[in-house]
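1. Quick one: sequence plus predicted model below, questions after.
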Amino acid sequence: MNTLVPAAELAQRATMTFPNESAEYRQARIALLAEEIELRRHIERVAEMRRALPPGGIVKGDYHFDGERGAVDIDGLFGDKNTLVTYSYMFGPERKRPCPMCTSLISAWEGEAADIGQRVALAVIARSPLERLVAFKQERGWRDLALFSDTNGNFSRDYHGVSKDGGDEPAINVFTRRDGVIRHFWSGEMDFATADPGEDPRGAPDPMPLWTVLDMTPEGRGTDWYPKLEYGAKSK
């Protein structure tokens, strides 16, 4: 096992400086850099723990999906991959329009979908009929995301895509297929019960690039702003 150099020592080795910065700024930045190095290491430790999870529950439900290439069961969602990532999209049949926050997230994933597809299968699942999903996909200009309608709703109910009162919930789930057996591997389990004071419930690392970028700014995420489906003259 490699012995890690203390983060504070690594931070002191950093060579970057910027025009006209003060000694006070550089000192504070080095202290922050040490914490960023610790954060990177913690992310790696968490990812290692996740990969080392024991086998999850066997998937036995009666799950049926309607996709752009036809009807499939959960095995069909894997395609030729052995790992499947699913996102439960808050776009149920009772909604006139999909959730703006979900849409922002998967719009970012659209840009990575082709790359993700080289390693694992990625499926966006909603309870609306496929026609509605495809129409919105065309409206947004998505090309690489694979959208599926949960035709009987069983998958959404079993894997936390539906709230207790029957409303939509966002959910990220990962499944594996090994030796013909499909198992649940991991799910994002942070919700209102696990949120810290003053924070919206979110996972860590946050799967939404929007917040990662805003976290780099002095304004941060803010407390009164959320994504919209449209902006400018079309904003509502």
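-> It's in. Numbering: from 1, shown residues only.
2. need the helix or strand of the chain with the lowest average pLDDT.
-> Of all regular secondary-structure elements in the chain, judged by mean pLDDT, DSSP states H and E, the least confident is helix 209-214 with a mean of 91.
3. So which elements touch that one?
-> Using 3 or more CB pairs under 8 Å, 6 or more residues apart in numbering; DSSP states H and E as the contact criterion, the secondary-structure elements in contact with helix 209-214 are helix 100-110. The C-beta positions use only the backbone N, C-alpha and C, and glycine is treated the same way.
4. Run through the neighbouring helices and strands of the helix it packs on.
-> Taking 3+ CB pairs under 8 Å, 6+ apart as contact, the helices and strands that helix 100-110 lies on are strand 83-88, strand 121-126, helix 130-140, helix 209-214.
5. In TSV: these, plus mean neighbour count and distance to residue 75.
-> Formatted as TSV, the entries for those read as follows, by neighbours: other CB atoms under 10 Å; distance: least, CB to CB, whole Å:
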stretch	mean neighbour count	distance to residue 75
strand 83-88	22	9
strand 121-126	24	11
helix 130-140	15	19
helix 209-214	14	30
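6. Helix, strand, or coil at residue 35?
-> Secondary structure, DSSP: H, G, I helix; E, B strand; the rest coil: residue 35 is helix.
7. Would you map the strands across the protein?
-> Across the chain, reading from the start of the chain, the strands by DSSP state E fall at 65-67, 70-72, 83-88, 121-126, 147-150, 171-178, 181-187.
8. helices or strands up against the first one?
-> Here strand 65-67 is seen to pack against helix 74-78, strand 147-150 when contacts are counted using 3+ CB pairs under 8 Å, 6+ apart.
9. Save those as JSON lines, and put in distance to residue 23 and mean pLDDT too.
-> Formatted as JSON lines, the helices and strands packed on strand 65-67 follow (distance: least, CB to CB, whole Å; pLDDT from 0 to 100):
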{"stretch": "helix 74-78", "distance to residue 23": "56", "mean pLDDT": "98"}
{"stretch": "strand 147-150", "distance to residue 23": "54", "mean pLDDT": "98"}
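10. So which of the ones you listed is nearest residue 116?
-> helix 74-78 (13.6 Å; CB to CB).
11. In the closest one, which residues are buried?
-> Within helix 74-78, the residues scored as buried using 16 or more other CB atoms under 10 Å are 74, 76-78.
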